[in-house]
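A.B. asks: 3D model of this:
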Amino acid sequence: MLQKVDPHVVCVTDAAPLTLTVDLLNPSTTYEQRQHKLKHLVQSPNSYFMDVKCITCLL
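C.D. replies: The predicted model follows:
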């Protein structure tokens, strides 16, 4: 007799240990540059605003 198997149920009794393809503690610089600014290992903006003023504006 055949049993119906639910496609949403996964049997993990004989599963091999899972390994990550990315080192989360030591990410590469190219990987960090591709990330969103809030997803970096240390959150920082991707760019900055440079406020340049002419000499006459300072006087």
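
A.B. asks: List the contacts of Gln43.
C.D. replies: For Gln43, the contacting residues are Lys37, by C-beta atoms under 8 Å, 6 or more residues apart in numbering. Placement of C-beta: from N, CA and C, glycine included.

A.B. asks: And for the longest helix along the chain, what's in contact with it?
C.D. replies: Scanning the chain for the helix with the most residues, using DSSP state H, yields helix 29-34. In this structure, residues lying in contact with helix 29-34 by C-beta under 8 Å, 6+ apart are 22, 40-41.

A.B. asks: Now tell me what touches the helix or strand just after it from outside.
C.D. replies: Moving toward the C-terminus from helix 29-34, the first helix or strand encountered (DSSP states H and E) is helix 55-58. By C-beta under 8 Å, 6+ apart, the list of residues contacting helix 55-58 from outside is empty.

A.B. asks: Would you mark the buried spots in helix 55-58?
C.D. replies: Taking 16 or more other C-beta atoms under 10 Å as the neighbour-count basis, helix 55-58 is seen to contain no buried residue.

A.B. asks: picking up where we left off before, can I get the contacts of helix 29-34 in TSV with neighbour count and pLDDT?
C.D. replies: Rendered in TSV, the data for those read as follows (neighbours: other C-beta atoms under 10 Å; pLDDT from 0 to 100):
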residue	neighbour count	pLDDT
Val22	8	79
His40	15	79
Leu41	12	81
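
A.B. asks: which among these gets closest to Cys54?
C.D. replies: If you rank the contacts of helix 29-34 by distance to Cys54 using C-beta to C-beta, His40 comes first, at 34.6 Å.

A.B. asks: Could you give the number of residues near the nearest residue to that closest one once chain neighbours are set aside?
C.D. replies: Once flanking residues are discounted, His40 sits nearest to Glu32: 5.9 Å by C-beta to C-beta, 6 or more residues apart in numbering. Glu32 has 13 neighbouring residues, counting by other C-beta atoms under 10 Å.

A.B. asks: returning to that earlier point: for the contacts of helix 29-34, please prepare JSON lines with the additional fields distance to Ala16.
C.D. replies: Converted to JSON lines, these look like this (distance: C-beta to C-beta, whole Å):
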{"residue": "Val22", "distance to Ala16": "18"}
{"residue": "His40", "distance to Ala16": "31"}
{"residue": "Leu41", "distance to Ala16": "28"}
